[in-house]
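>>> only geometry, no sequence info:
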Ligand SMILES: Cc1cc2nc3c(=O)[nH]c(=O)nc-3n(C[C@H](O)[C@H](O)[C@H](O)COP(=O)(O)OP(=O)(O)OC[C@H]3O[C@@H](n4cnc5c(N)ncnc54)[C@H](O)[C@@H]3O)c2cc1C
């Protein structure tokens, strides 16, 4: 759309005119595409339900990242090209021209501040920087992206050639800004606040499952109206004192039941560690439900659940909730050691009552091999074990959840065993 608007503004013809026109025209198109991608990014992360259901939060985060880096690089190209183009046209020098730009064109100072904000966001999102920063610090800095987008708008409106000259362009840009801002406000703020107030969720009890895992049971009003399915997650905030504003994503660890929900969390840091100390009655803020690891995308009747570590949480909810016949569901649960297996009684009970085949694979990893198997199975090939444990794997929907590397290994084994990609359903616990 923006390239079409650029073309209709004689963008192409300008390329063949003077060198200054060429630079300025390229500067315009790179700026337009950069701004457009920036808005697409805001929209991608606005948690719009039908977009979220189509891609899944992990895939959206991946695309958001890709679009973000392209947007940033094009924005840099826009700044360089426009400055050089005007420098050539005015027979001036770069420093003088840059100064003139910033001080005499409407909205330019704001755009400089916006560029600084977007630079901070991009630099802190480079993998190496991201690893060093705490998640909360990174997330807080990331919110500056909204400031960056906001600050860059005035210079487009006041000085952008396409904006000034074309009514169609003005309609397009205003509509895009309104849709992106509206989506972020409605879906990231409005609906979570409304659902939180409507359901008034509070903690009812906290149960220890193992050394470092607890289940938080919660109750609330009219929870049967919450449009949540087994396999989905919420971002949870517990009003238990300082630090409550940090949200953490946790999947439901049991099928949603009228009046109650539950999550099960492994202690991995500050946020998850405090769950063990929650008191009954603590108020809970919710954002969600999100996630596409549900029965909605199933293509057949039979299922195989492949879980590792804390990845068992959505699998238990799915096994409780999905419809399937006796013998049509298999669970393979990989854990580091026997004491790390959680929900053993519940899973064995489910196995008996609903006719699920349950395999526990415990033990350390196989050193030097990116395998999903424990060391005790080192003699076997990854896909052979899968085929052996689930002989009709290719006719099942396969749900996978666990640490990233394990998920990659087991998904590869399933695909190598002949599973059609459309029957593989995954949820990542890292974005
Ligand atoms: C979709 C999804 C579902 C999840 N479900 C479960 C579950 O059912 N049970 C469970 O034990 N864990 C689950 N997790 C992982 C859980 O969210 C993190 O372990 C937890 O947030 C760690 O926070 P922390 O403050 O204790 O540790 P920190 O040390 O602050 O974080 C450890 C790592 O957890 C991740 N993380 C932290 N906060 C967030 C956040 N707000 N959003 C996304 N990632 C974050 C980051 O990768 C970070 O590096 C899930 C994660 C995702 C993305």
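Sure thing, it's come through. Just so you know, these numbers come straight off a predicted model, no measurement behind them. Numbering: from 1, shown residues only.

>>> Once you drop chain neighbours, what's closest to the residue most central in space within the chain?
In the chain, the C-alpha nearest the mean C-alpha coordinate belongs to residue 57, at 3.4 Å (CA atoms, centre = their mean). Spatial nearest neighbour of residue 57, chain neighbours left out: residue 290 (5.4 Å); criterion: CB to CB, 6 or more residues apart in numbering. (Glycine included, C-beta is placed from N, CA and C.)

>>> Check the gap between the one you found and residue 192 for me.
11 Å (CB to CB, to the nearest Å).

>>> Over to residue 225?
According to CB to CB, residue 225 and residue 192 sit 15 Å apart.

>>> Which one's more surrounded, these two?
A direct count of neighbours by other CB atoms under 10 Å for residue 225 and residue 192 places residue 192 higher, at 19 against 11.

>>> helix or strand for the more buried one, which one?
helix 191-199 (DSSP states H and E).

>>> In contact with residue 74, which residues?
30, 31, 33, 34, 37 (CB atoms under 8 Å, 6 or more residues apart in numbering).

>>> excluding its backbone neighbours, what's nearest the residue in the stretch 251-400 of the chain that the ligand sits nearest to?
At 2.2 Å from the ligand, residue 269 is the closest residue in the stretch 251-400 of the chain, using CB to the nearest ligand atom. Leaving aside its sequence neighbours, residue 269 sits nearest to residue 135 (CB to CB, 6+ apart; 8.0 Å).

>>> Residue 177 versus the one you found, what's the distance?
Per CB to CB, residue 135 is found 29 Å from residue 177.

>>> Which one's more surrounded, those two?
Neighbour tally, residue 135 and residue 177, criterion other CB under 10 Å: the higher count belongs to residue 177, 18 against 15.

>>> The longest helix along the chain: how far from the chain's middle?
Looking across the chain with DSSP state H, the single longest helix is helix 57-89. Its chain's C-alpha centre and that of helix 57-89 lie 21 Å apart, by CA atoms, centre = their mean, to the nearest Å.

>>> What are the contacting residues of the helix or strand that it is followed by?
Once helix 57-89 ends, the next helix or strand along the chain (criterion: DSSP H and E) is helix 94-104. Contact partners of helix 94-104, identified using CB under 8 Å, 6+ apart, comprise 83, 84, 86, 87, 90, 92, 108, 109, 112.

>>> Now do the closest residue in space to residue 133 that isn't next to it in sequence, the pLDDT please.
Using CB to CB, 6+ apart and skipping the chain neighbours, the partner closest in space to residue 133 is residue 124 (6.2 Å). pLDDT, residue 124: 91.

>>> ditto for residue 431
69.

>>> and residue 53, what is it in contact with?
Residue 53 touches 292, 296, counting by CB under 8 Å, 6+ apart.

>>> at 7 Å what do you get?
Contact analysis of residue 53 by CB atoms under 7 Å, 6 or more residues apart in numbering lists residue 292.

>>> Just give me the neighbour total for the residue nearest to residue 133.
Around residue 124 there are 18 residues (other CB under 10 Å).

>>> Could you give me the buried positions within the host helix or strand of residue 181?
Using DSSP H and E, residue 181 sits within helix 167-183. Using 16 or more other CB atoms under 10 Å as the test for burial, helix 167-183 gives 169, 172, 173, 176, 177, 180, 181, 183.

>>> Please apply the same query to stretch 417-429.
For stretch 417-429, by 16+ other CB under 10 Å, it's 417, 419, 423, 424, 425, 426, 427, 428, 429.

>>> next one: stretch 245-260
For stretch 245-260, a neighbour-count test (16+ other CB under 10 Å) marks 246, 247, 248, 249, 250, 251, 252, 253, 254, 255, 256 as buried.

>>> So which of those residues is the closest to residue 197?
Lowest distance from residue 197 to those (CB to CB) belongs to residue 247, with 16.5 Å.

>>> quick one: the residue of the stretch 1-150 of the chain found nearest the ligand and residue 370, what's the gap?
The stretch 1-150 of the chain approaches the ligand most closely through residue 135 (4.0 Å), counting by CB to the nearest ligand atom. Distance of residue 135 to residue 370, computed by CB to CB: 25 Å.

>>> Equivalent analysis for residue 347, please.
For residue 347, the distance to residue 370 - CB to CB - is 27 Å.

>>> just how off-centre is the helix holding residue 181 within its chain?
On CA atoms, centre = their mean, the centre of helix 167-183 falls 24 Å from the chain's centre.

>>> helices and strands around it, which ones?
Packing contacts for helix 167-183, counted by 3 or more CB pairs under 7 Å, 6 or more residues apart in numbering; DSSP states H and E, involve helix 2-8, helix 19-44, helix 161-165.

>>> what residues does the stretch 201-350 of the chain put near the ligand?
Contact residues, the stretch 201-350 of the chain versus the ligand (CB under 6 Å from any ligand atom): 233, 247-251, 263-266, 268-273, 291, 310, 313.

>>> Tell me the buried residues in stretch 386-396?
Applying 16+ other CB under 10 Å to stretch 386-396 flags 386, 387, 390, 393, 395, 396 as buried.

>>> In strands only, show me the residues you listed.
In strands, judged by DSSP state E, none of the buried residues of stretch 386-396 are found.

>>> ok, the closest residue to residue 52 other than its chain neighbours - contacts?
Spatially, and ignoring its direct neighbours in sequence, residue 52 is nearest to residue 290 (5.6 Å; CB to CB, 6+ apart). Residue 290 is in contact with 47, 52, 57, 232, 233, counting by CB under 7 Å, 6+ apart.

>>> Tell me the confidence at residue 102?
86.

>>> next one: residue 426
Taking residue 426 on its own, its pLDDT is 92.

>>> Over to the residue lying farthest from the centre of the chain: give its phi and psi.
Farthest-out residue of the chain from its mean C-alpha position, per CA atoms, centre = their mean: residue 91, at 47.9 Å. Main-chain dihedrals, residue 91, degrees, to the nearest 10: phi 50, psi 50.

>>> Distance from the helix or strand in which residue 318 is found to the middle of the chain?
According to DSSP H and E, residue 318 maps onto helix 312-321. Its chain's C-alpha centre and that of helix 312-321 lie 21 Å apart, by CA atoms, centre = their mean.
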